[in-house]
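K.L.:
Sequence below, structure please.
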Amino acid sequence: MAKKDSSDIASLSSDETTSKKGTSVSKSDPAGSGDEYTAKNIDVLEGLEAVRKRPGMYIGTTGPLGLHHLVWEIVDNAVDEALAGYCKNISVTINPDESITVLDDGRGIPTDIVEKTGKSGVETCFTILHAGGKFGGGGYKVSGGLHGVGASVVNALSERLEVEIYQGGKAYKQTYKRGKSEGDLIVIGKSDQRGTKVTFWPDNEIFHDVNEDNEHISITFEWDKLITRMREMSFLNKGLTTTLSDNRGEDHKSERFFYEGGIASYVDYLNSTRNTLHKPPIYFEQKRDDVIVECALQWTDLYAESVYTFVNNINTHDGGTHLTGFRNALTRVINDYSRKNNLVKESEANFSGEDVREGLTAIISVKVPEPQFEGQTKQRLGNREVQSITQGVVSERLGDWLELNPKASKEIVGKAIQARQAREAAQKAKNLIRRQSALENSALPGKLADCSDRDPANCEIYLVEGDSAGGSAKQGRNRNFQAILPLRGKILNVERVQPSRIYENTEIQAMIQGLGLTVKEEEEEKENGSGKSLGLLRPNAQNLDLSKLRYHKVIIMTDADVDGSHIRTLLLTFFFRYARPLVEQGYVYIAQPPLYKVEKGKRIEYCYNEHKLQAVLAELGDKAMIQRFKGLGEMMPEQLWDTTMNPETRTLKQVTVEDASEADHIFDLLMGEAVGPRREFIEKNAHLVANLDV
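P.N.:
Modelled structure (predicted):
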């Protein structure tokens with residue numbers, strides 16, 4: 001089964017839809033059986049009805065991501081109170097009935113009447129879109145929630161919501177059902193507390209996931225997702241205490257986070273499994289023209305760059321002007337310091353931005369009164385003035401640190417020199433491969449069985465474990481849009497080697513050539529006069545040229561055993577480190593071949609998990625024959641097509657990155673050099689493994 005994208009709520013999913021008035025309107029006859037299209041056909045959704053009608057427009061998806069997004073909307077409101085200096089504690093509790101309670105000790109949502117609405121401030125915030133204290137009314141100077149839809153959207157998408165306000169010695173309460181109040185805000189007693197408490201029950205009519213059989217299944221809150229975000233909030237807000245509690249089941253658990261060091265502690269956390277060149281992390285904070293720039297950075301002996309940026313506590317995954325300002329300053333300051341102190345020869349070219357950022361772990365957090373984001377998703381900061389402010393602050397403060405710490409500074413410059421040498425070696429290896437390809441009169445790997453379609457949006461490539469399975473896949477595929485690239489053995493673990501080594505590895509080089517992985521020169525390289533970027537794949541770099549990509553579906557297909565899992569992990573490590581934009585754009589998938597074939601008479605059923613197998617056996621009875629597929633090579637081409645490659649019947653798992661910094665930490669933990677932390681992780685999580693096929 002091709003997995004349906006639940007975030008695409010607004011699109012028609014059938015040939016016919018029904019309007020609110022009950023008129024059936026066919027796609028081929030938009031007027032509806034010849035009726036005129038008049039003002040009567042225009043529908044106006046009142047209040048929060050639009051949110052329930054098109055939830056994807058507000059939270060992106062009604063799957064697990066959307067469910068957790070509800071929590072962040074309420075938590076972000078509490079964090080805004082912390083940014084304003086009024087909140088020190090935020091707690092999130094998962095209740096036994098799968099409801100969520102968020103409690104803060106801020107000022108509490110205003111309980112008096114809002115003149116424009118005639119309702120209390122509480123009811124206004126929870127029932128009217130784009131209402132709140134973040135639109136210039138003086139409630140907040142800096143805020144992450146800029147659209148004013150958070151609380152009202154959570155209310156609209158909850159079966160039930162209760163809000164309590166502790167303010168002025170009194171406790172207030174109001175309840176709602178699917179977005180509509182069930183009475184006025186009332187005083188329920190006295191209280192010496194201060195703050196806001198919100199409990200909500202997500203609406204099961206809206207939130208669900210889809211299993212392998214394309215059936216709707218209920219979803220629940222995940223501890224790991226929640227704890228990662230709560231930890232991050234404490235890192236980003238120095239002095240803020242966040243607590244997460246899970247009261248489900250018999251084994252209740254709770255975690256508390258408080259970091260006096262703020263983002264410097266964040267860098268310490270990310271580098272906890274790495275060898276650092278200097279301690280503690282470089283940290284500085286400075287306010288300039290109402291913009292607060294806060295930076296923490298530390299170099300390690302790794303080859304990957306781990307730089308994460310935030311604006312008003314919002315993770316700007318696509319960077320923006322604050323990241324550009326930081327990078328420009330970093331490259332210029334390191335180059336200036338190197339030449340001033342004769343650490344490089346006059347005849348040598350400047351370091352490139354890639355050279356000085358190799359092994360760098362950094363957090364850049366800025367507080368901006370009026371941030372301008374590119375797009376509703378707030379993924380990229382657009383304020384031009386923030387670039388010059390960030391660049392100025394970083395140039396000044398980092399320059400001072402380098403002068404005051406000559407020993408550590410020399411090691412940092414030495415790391416950049418090694419990076420430049422490795423980059424030049426990688427360029428030579430890449431040029432050699434190009435010359436060999438030219439001699440062979442082909443730029444594509446010889447074992448690639450390409451497809452005939454040349455539109456990347458229509459094309460997909462299977463990265464297949466082994467030549468045997470590759471042969472079956474080549475015979476079973478649809479040659480029009482499916483390409484096959486067999487991979488021999490386990491590829492290089494890119495987490496542990498210099499970037500130049502990837503161009504020396506046959507299997508990785510085949511993927512680079514086959515997929516069309518090329519990079520474009522970064523803008524800051526042009527602006528700051530640094531050494532030119534040579535178009536090499538670099539760890540964690542974001543400058544992959546997706547316009548050159550040859551396939552928009554990259555599907556990993558490995559055996560369902562330990563070796564297959566290891567190969568899949570090695571491939572995912574490569575994509576995360578060297579081609580992360582592919583993952584972020586949703587181009588990477590994992591094929592789901594069946595584990596069992598069940599046959600009785602002329603009936604054949606394929607089972608993708610133990611649960612499905614037991615259900616089929618219960619239906620077919622004792623005399624059914626069971627075949628356990630140990631490897632893809634055991635499957636005939638027709639079987640492989642029917643079960644794993646046919647878009648009409650297959651199941652694919654899309655690989656996503658919800659939190660890049662946490663994924664960075666986990667990949668380093670599991671695939672890096674440090675043995676102790678990896679052993680500890682395995683021992684802690686071993687109980688989660690139900691079936692281990694060795």
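K.L.:
Helix, strand, or coil at residue 235?
P.N.:
Using DSSP: H, G, I helix; E, B strand; the rest coil, the secondary structure recorded for residue 235 is helix.
K.L.:
State the distance from it to residue 100.
P.N.:
Going from residue 235 to residue 100 by CB to CB, to the nearest Å gives 22 Å. All C-beta spots, glycine's among them, are computed from the backbone N, C-alpha and C.
K.L.:
Looking at the two now, which is surrounded by more residues?
P.N.:
Applying other CB atoms under 10 Å to residue 235 and residue 100 shows that residue 235 carries more neighbours, namely 27 against 23.
K.L.:
Tell me if I'm right that that one and residue 264 touch.
P.N.:
No: the pair residue 235 / residue 264 is not scored as a contact, 9.1 Å apart, by CB atoms under 8 Å.
K.L.:
on contacts alone, who are the packing partners of whichever helix or strand residue 79 is part of?
P.N.:
Following DSSP states H and E, the helix or strand that holds residue 79 is helix 64-83. In this structure, helix 64-83 packs against helix 56-59, strand 89-94, strand 100-104, helix 150-156, strand 195-202, helix 223-236, with contacts taken as 3 or more CB pairs under 8 Å, 6 or more residues apart in numbering; DSSP states H and E.
K.L.:
possible to save those as CSV with distance to residue 320?
P.N.:
Below are the helices and strands packed on helix 64-83 laid out as CSV (distance: least, CB to CB, whole Å):
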stretch, distance to residue 320
helix 56-59, 23
strand 89-94, 26
strand 100-104, 28
helix 150-156, 22
strand 195-202, 31
helix 223-236, 17
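K.L.:
what's the most buried one of the ones you listed?
P.N.:
Mean neighbour counts were compared across those using mean count of other CB atoms under 10 Å; the top stretch is helix 150-156, at a mean of 27.
K.L.:
Show me what that helix packs onto, helices and strands only.
P.N.:
Applying 3+ CB pairs under 8 Å, 6+ apart, one finds that helix 150-156 makes contact with helix 49-53, helix 64-83, helix 121-127, strand 195-202.
K.L.:
Mind checking the ones you listed for the one nearest to residue 489?
P.N.:
Closest of the helices and strands packed on helix 150-156 to residue 489 is helix 64-83, at 34.6 Å (criterion: CB to CB).
K.L.:
returning to that earlier point: point out the one among the helices and strands packed on helix 64-83 that comes closest to residue 403.
P.N.:
Among the helices and strands packed on helix 64-83, the nearest to residue 403 by CB to CB is helix 223-236 (28.3 Å).
K.L.:
And that closest one, how far out from the chain middle?
P.N.:
With CA atoms, centre = their mean, to the nearest Å as the basis, helix 223-236 stands 14 Å off its chain's centre.
K.L.:
now swap in stretch 334-349 and tell me
P.N.:
38 Å.
K.L.:
what's the answer for stretch 278-291, then?
P.N.:
Remark: stretch 278-291 is offset 26 Å from the chain centroid, using CA atoms, centre = their mean.
K.L.:
ok, residue 207 touching residue 62?
P.N.:
Yes: applying CB under 8 Å as the test, residue 207 and residue 62 come out as touching, 5.4 Å apart.
K.L.:
could you point out where the stretch 451-600 of the chain is predicted with low confidence?
P.N.:
By pLDDT under 70, the weakly predicted segments of the stretch 451-600 of the chain are 521-535.
K.L.:
any idea where the helices of it begin and end?
P.N.:
467-476, 506-515, 523-527, 562-578, 580-584 (DSSP state H, counting those that start in this stretch).
K.L.:
Below-threshold pLDDT in the stretch 301-450 of the chain: ranges please.
P.N.:
Using pLDDT under 70, the stretch 301-450 of the chain drops low at 375-378, 430, 432-443.
K.L.:
closest to residue 558 out of the helices and strands packed on helix 150-156?
P.N.:
Once those are compared by CB to CB, helix 64-83 is nearest, at 24.4 Å.
K.L.:
Out of the helices of the stretch 451-600 of the chain, which gets nearest to residue 269?
P.N.:
Among the helices of the stretch 451-600 of the chain, helix 562-578 comes nearest to residue 269, with 18.7 Å by CB to CB.
K.L.:
what does the closest one rub up against?
P.N.:
Residues outside helix 562-578 that contact it (CB atoms under 8 Å, 6 or more residues apart in numbering) are 304, 463, 465, 487, 490-495, 502, 508, 511, 517, 537-541, 554, 556, 558, 582-583, 588, 590, 631, 655, 657, 663, 667, 670-671, 692-694.
K.L.:
Okay, buried residues for it please.
P.N.:
563-564, 567-578 (16 or more other CB atoms under 10 Å).
K.L.:
between the residues you listed, which is nearest residue 600?
P.N.:
residue 564 (28.3 Å).
K.L.:
ok, of the buried residues of helix 562-578, which one's closest to residue 644?
P.N.:
residue 564 (13.0 Å).
K.L.:
Strands of the stretch 151-300 of the chain, residue ranges please.
P.N.:
Secondary structure of the stretch 151-300 of the chain (DSSP state E, counting those that start in this stretch): strands at 158-167, 170-177, 180-181, 186-190, 195-202, 209-210, 216-217, 241-246, 253-257, 282-288, 291-299.
K.L.:
Direction included, what does the fourth one pair up with?
P.N.:
Strand 186-190 has its sheet partners listed here by DSSP bridges as strand 170-177 (antiparallel).
K.L.:
Buried residues, the partner strand. List them.
P.N.:
Residues of strand 170-177 classed as buried by neighbour count (16+ other CB under 10 Å): 171, 172, 173, 174, 176.
K.L.:
ok so, going back, could I have the PyMOL command that selects the buried members from the contacts of helix 562-578?
P.N.:
Those of the contacts of helix 562-578 that count as buried under 16+ other CB under 10 Å are selected in PyMOL with:
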select buried, resi 304+463+465+487+491+492+494+495+502+508+511+517+537+538+539+540+541+554+556+558+582+583+588+590+631+655+657+663+667+671
